[in-house]
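Colleague: Task: produce atomic coordinates for the following.
(2 chains)
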Amino acid sequence: MPWVTRGLRSGVVTTRYPRRPDGYPGPWVGSVRPRTSPPGEVDSGLDLESLCPTGAIRWEDPVVTVDRGRCILCMRCVRERPDIFVADGEVEVAVLHPSALVSPGPGSDDERALATLRTDLLRRTRALRRSVHIRHVDAGSDGTEEWEIAALTNPVYDVQRLGIFFTASPRHADILLVTGAGSGAMTGPLVETYEAMPSPKVVVAAGTDALSGGMHAGSYATTGGVTASLPVDVLVPGSPPSPFSLLHGILLAVGIVADRSGGGKQHEG
Amino acid sequence: MRSPSPTVLGVEELPGRLAELLGSGGRLAGVFVDEAPDERLRLVVVGADAGGLSISAGYMARDDRHYPSLSAVTPAAAWYEREIQDLYGLSAEGGAPQEPLLLHLAPGSPRPRPGLGSHLEAAPAPGESAPGASRPGAAEIRSDDGQVPAEVTGPGVFTLSYGPVRSGVFESVGYLLETPGEDLPSVRARVHYKHRGIEAGFTGLDVGHGVLLAERVEGVASVAHAIAFCQAVETIAGVSPPSAAELSRLWHAEIERVANHLDSMLRHTEAAGQAVAYARLSFHREALMRIRAMASGHRFSRGVVVPGGVSGPPMCDPGELLRSLEKLREALEADLELLMSTPSFLDRLRRTGVIPCELAALYGALGPLGRGSGHGVDVRASRPYSAYERLGIRVSGARDEGDALARQHVRVEEIAESMRLAVVAAEKLRELATGSTPDWCLPIDPGITGEALGSVEAPQGELITWVRATGGRLRRVKPRSASFHNFALFSSAFPKDIFTDFAFVEGSFGISIAGVAG
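Modeller: Have a look, this model is predicted:
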């Protein structure tokens, strides 16, 4: 009985995202990119590349790019070369194609390809729009992604209010949410889970480890991310991605929100 | 903290040395393989007793693939022997053939692990064939779950393969349960699904990148792993972090402990159907993660601990930090008090997952698991590091019931103490902010050469990290997590439990599979 009153004690703590932007995050790191002015151009980038533990920084004279699909947000580049790199608190970081993870952004060809992807995804997920069930599979994570995914069901994010549910059986699932660097021994169970899901289905790869292997990319025991094992539709960078980024990825997968470059459909409610 | 230096022995002397240690009330803290500076292999045994850690390094003859069995001396060594067999292809002499632990079980998977880059890989151990070929005589120990020999026989007993994809958002781990339907006479854990080859990943990195990988060994204990790694690096470099950095490290480590203990409780409340308690505690944990992000820019405090100190001052106003922390502390303690007087919750934990005190002592159980079974190891008190001595830690006494409830009690007490320490540390950080600009980090010689052991009390228990570096590059890093050491006891926790207790036993162990599988 005391729990009833305890439960009411704090009032409503739930975020209004995605209907309204959320006040959180404050001073924290969502993504790292080269400064826009000058637009990623530097004289010498040889020592820039070696700043990065995961090879996310590329220097092709004179342009320097950061691949957020590899970036683990360690901030070493921002600390050592604040004149070139900058971090921001962006949380809506999920995208539909690896090329959209590279800053400076994709060219117009890539934009056209992205538009095709968007249309294709929307066509597939139209039937799911009102309610989706998610099956999560860990394919070699460091354990943090699972905490952030589990946080989606806490009263602050409360994803059930958006018609999003986690399900035990892949046979009831619409979305496969994959984390981890793609450990060799999980490839089989991962693919089996995917095949057990009914169509239409969407794969969301969550976390830099899942996108590229992160710091485990060259390991004998991983496949350097899960993109080699599964057809990934939505990519959510971050090490780990915050709950808002995960939510953005899930909503993007079902066409409820737009990706950063402006496609998809805005929330209706 | 000073790192003990290795006592050099022949490998054949190790079992005797270990038996001596155990006989005088010590415990086995870890076993691993490392190359000596002269490229010979040595088997390193880390022991612990009242005097602290001790290291015995047994040198192996150049072409030897065997060492005398340590698991014959203590069962606590068994998982280490399996790990060494998988990762280095060395086997314990005189013991039964060991089931693989970390490497993929599928036929044809290379073992020992690829990429050893030394004479080890070129000549497979006897009984093993070259990678890719099927292994003669392997049918007894390998292959998929259905082919594993039964440990239990009897009417109606069947084997249930549970995992690696299980219901709920959990890390991947497989369990082989042998059961007549309700009891669980045999539970075996399969951790290899998540093996990422972490230890090999350290080789060749500089220490600045090394700490980033250390944070990812067991992500939920990022801070603890980073501190243990940096402690070893700082010992090699002969540097003591500035006192402001020690305070900041302590603050992050204690907040991390609370977050992990809450995770164990979230599992309990969810499994017990305590919906409101689950919602309240998950709300508190979210608040905690946000406080961490406020202070460090990262919800798991990554990037804070660096070799030589911390990467900088708290990112927010220390006064604001303190206010949020005190508010959370009050709400959390009130809810935990209510939880610990809710009979329908406590009844699920009482006499569930019992680890008797003798067993905990035999295995040298660590952290809350050990402390719930009368084995009170806490590095923060016994070998103080960071600012623990300065702030004065009050260690909660060990309990001897050995059940999930005892572990829950230990965690509740530890949360209170951690929150107290975090508040005190935040106050000191606020004082620092008003005074002069303190040092947060000291430079580390970029060409460091040497070897050392770091040890901290992670949320899961004592964590030790061995670091060997040459010319500023890491040659061998071996993080031994408490999760790895404790998980060997998991299968012993079920003699009186049934299926529906499984979630409580698992939750109360508080294991991170990433930290076990490496």
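Colleague: which residues does residue 85 contact?
Modeller: Went with chain A since none was named. Counting by CB atoms under 8 Å, 6 or more residues apart in numbering or on different chains, residue A:85 touches A:32, A:33, A:34, A:35, A:66, A:77, A:78. Bear in mind the C-beta positions are built from the backbone N, C-alpha and C, glycine included.
Colleague: try again with chain B
Modeller: B:91, B:92, B:98, B:100, B:101, B:112 are the contacts of residue B:85 under CB under 8 Å, 6+ apart.
Colleague: Now with 7 Å, please.
Modeller: B:91, B:98 (CB atoms under 7 Å, 6 or more residues apart in numbering or on different chains).
Colleague: Which helix or which strand is home to it?
Modeller: Applying DSSP states H and E as the criterion places residue B:85 in helix B:78-88.
Colleague: Ok, residue B:231 next?
Modeller: Residue B:231 belongs to helix B:222-237 when assigned by DSSP H and E.
Colleague: residue contacts, residue B:367?
Modeller: B:460, B:461, B:462, B:482, B:486.
Colleague: how about 8 Å then?
Modeller: B:377, B:457, B:458, B:459, B:460, B:461, B:462, B:482, B:486, B:510.
Colleague: so, in contact with chain A or not, the helix holding residue B:231?
Modeller: Yes. Judged by CB under 8 Å from any CB of the partner chain, helix B:222-237 and chain A are in contact via residue B:222.
Colleague: so what does that helix touch, helix or strand wise?
Modeller: helix B:207-215, helix B:243-271, strand B:305-306, strand B:450-458, strand B:461-470, strand B:473-480 (3 or more CB pairs under 8 Å, 6 or more residues apart in numbering or on different chains; DSSP states H and E).
Colleague: Dump these to TSV, plus mean pLDDT, mean neighbour count and distance to residue B:182.
Modeller: Listed next are the helices and strands packed on helix B:222-237 as TSV, based on pLDDT from 0 to 100; neighbours: other CB atoms under 10 Å in any protein chain shown; distance: least, CB to CB, whole Å:
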stretch	mean pLDDT	mean neighbour count	distance to residue B:182
helix B:207-215	97	25	42
helix B:243-271	97	25	17
strand B:305-306	97	27	46
strand B:450-458	97	25	35
strand B:461-470	97	26	31
strand B:473-480	97	22	36
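Colleague: Could you dump the contacts of residue B:367 into CSV and include distance to residue B:392?
Modeller: Putting the contacts of residue B:367 into CSV (distance: CB to CB, whole Å) gives the following:
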residue, distance to residue B:392
B:377, 19
B:457, 15
B:458, 20
B:459, 20
B:460, 23
B:461, 21
B:462, 20
B:482, 24
B:486, 27
B:510, 25
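Colleague: got the contact list for the residue nearest to residue B:451 when sequence neighbours are not counted?
Modeller: In this structure, residue B:451 finds its nearest non-sequential neighbour in residue B:468, 4.0 Å apart by CB to CB, 6 or more residues apart in numbering or on different chains. Applying CB under 8 Å, 6+ apart to residue B:468 gives the contacts B:34, B:450, B:451, B:474, B:475, B:476, B:477.
Colleague: Nearest to residue A:247 among these?
Modeller: Ranked by distance to residue A:247 (CB to CB), the contacts of residue B:468 are led by residue B:477 at 35.4 Å.
Colleague: Quick check: that closest one vs residue B:201, distance?
Modeller: Distance, residue B:477 to residue B:201, using CB to CB, to the nearest Å: 9 Å.
Colleague: Find residues that contact each of these two.
Modeller: Counting by CB under 8 Å, 6+ apart, the residues touching both residue B:477 and residue B:201 are residue B:213.
Colleague: Tell me which helix or strand comes right after the lowest-mean-pLDDT helix or strand in chain B.
Modeller: Using mean pLDDT, DSSP states H and E, helix B:119-122 stands out as the lowest-scoring helix or strand of chain B, at a mean of 52. Proceeding N to C from helix B:119-122, the next assigned helix or strand is strand B:158-162, under DSSP H and E.
Colleague: The helices and strands packed on helix B:222-237: which one's closest to residue B:321?
Modeller: helix B:243-271 (8.7 Å).
Colleague: For that closest one, name the packing helices and strands.
Modeller: helix B:222-237, helix B:275-296, strand B:309-310, helix B:318-339, helix B:343-349, helix B:388-391, helix B:404-434, helix B:502-509.
Colleague: Could you tell me the angle between the second one and helix B:404-434?
Modeller: For helix B:275-296 and helix B:404-434, the angle between their directions (axes from the mean of the first three to the mean of the last three CA atoms, to 10 degrees) works out to 30 degrees.
Colleague: Dump the C-alpha coordinates for stretch B:283-292 into CSV.
Modeller: The C-alpha atoms that make up stretch B:283-292 are tabulated as CSV, following Å, rounded to 0.1, in the frame of the first residue of the first chain:
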residue,chain,number,x,y,z
PHE,B,283,13.7,6.8,-12.3
HIS,B,284,16.4,7.3,-9.7
ARG,B,285,19.0,5.6,-11.8
GLU,B,286,18.1,7.9,-14.7
ALA,B,287,18.7,10.8,-12.4
LEU,B,288,22.0,9.3,-11.4
MET,B,289,23.1,8.9,-15.1
ARG,B,290,22.1,12.5,-15.7
ILE,B,291,24.2,13.7,-12.8
ARG,B,292,27.1,11.8,-14.2
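Colleague: Need the contact partners of that stretch.
Modeller: For stretch B:283-292, the external contacting residues (CB under 8 Å, 6+ apart) are A:10, A:13, A:24, A:151, A:154-156, B:252, B:255-256, B:258-259, B:262-263, B:266, B:298-301, B:321, B:324-325, B:328, B:331-332, B:335.
Colleague: at 6 Å instead, please
Modeller: Residues from elsewhere that reach stretch B:283-292, judged by CB atoms under 6 Å, 6 or more residues apart in numbering or on different chains: A:154, A:155, A:156, B:255, B:259, B:262, B:299, B:301, B:324, B:328, B:332.
Colleague: Out of these, which two sit at the greatest distance?
Modeller: A:155 and B:301 (23.3 Å).
Colleague: So if I had to pick from the two, which one is more boxed in?
Modeller: Ranked by neighbour count (other CB atoms under 10 Å in any protein chain shown), residue A:155 and residue B:301 place residue B:301 first, with 26 against 17.
Colleague: Now the terminal residues of stretch A:99-115, how far apart.
Modeller: 13 Å (CA to CA, to the nearest Å).
Colleague: Where does residue B:239 sit: helix, strand or coil?
Modeller: Here residue B:239 is recorded as coil under DSSP: H, G, I helix; E, B strand; the rest coil.
Colleague: Identify the residue nearest it in space, chain neighbours excluded?
Modeller: residue B:442 (5.2 Å).
Colleague: and if you look at residue B:429?
Modeller: residue B:318 (4.9 Å).
Colleague: Counting neighbours, what do you get for that neighbour?
Modeller: 19.
Colleague: tell me the centre residue of chain A?
Modeller: residue A:236 (1.0 Å; CA atoms, centre = their mean).
Colleague: For it, grab phi and psi.
Modeller: Dihedral pair for residue A:236: phi -120, psi 110, per degrees, to the nearest 10.
Colleague: and residue B:389, how many neighbours does it have?
Modeller: 12.
Colleague: pLDDT value on it, please?
Modeller: On pLDDT, residue B:389 comes in at 92.
Colleague: Quick check: beta-bridge partners of the nearest residue to residue B:182 once chain neighbours are set aside?
Modeller: Sequence neighbours aside, residue B:498 is the residue nearest to residue B:182 in space, at 4.9 Å (criterion: CB to CB, 6+ apart). With beta bridges defined as DSSP bridges, residue B:498 has these partners: residue B:183.
Colleague: ok, residue B:498 - how many residues close by?
Modeller: Counted with other CB under 10 Å, residue B:498 comes out at 13.
Colleague: Distance of it relative to residue B:151?
Modeller: Residue B:498 is 18 Å from residue B:151, by CB to CB.
Colleague: And for residue B:234?
Modeller: For residue B:234 relative to residue B:151 (CB to CB), the value is 46 Å.
Colleague: need the contact list for the closest residue to chain B within the stretch 1-150 of chain A.
Modeller: Nearest residue of the stretch 1-150 of chain A to chain B (CB to the nearest CB) works out as residue A:142 at 3.2 Å. Counting by CB under 6 Å, 6+ apart, residue A:142 makes contact with B:216, B:219, B:514.
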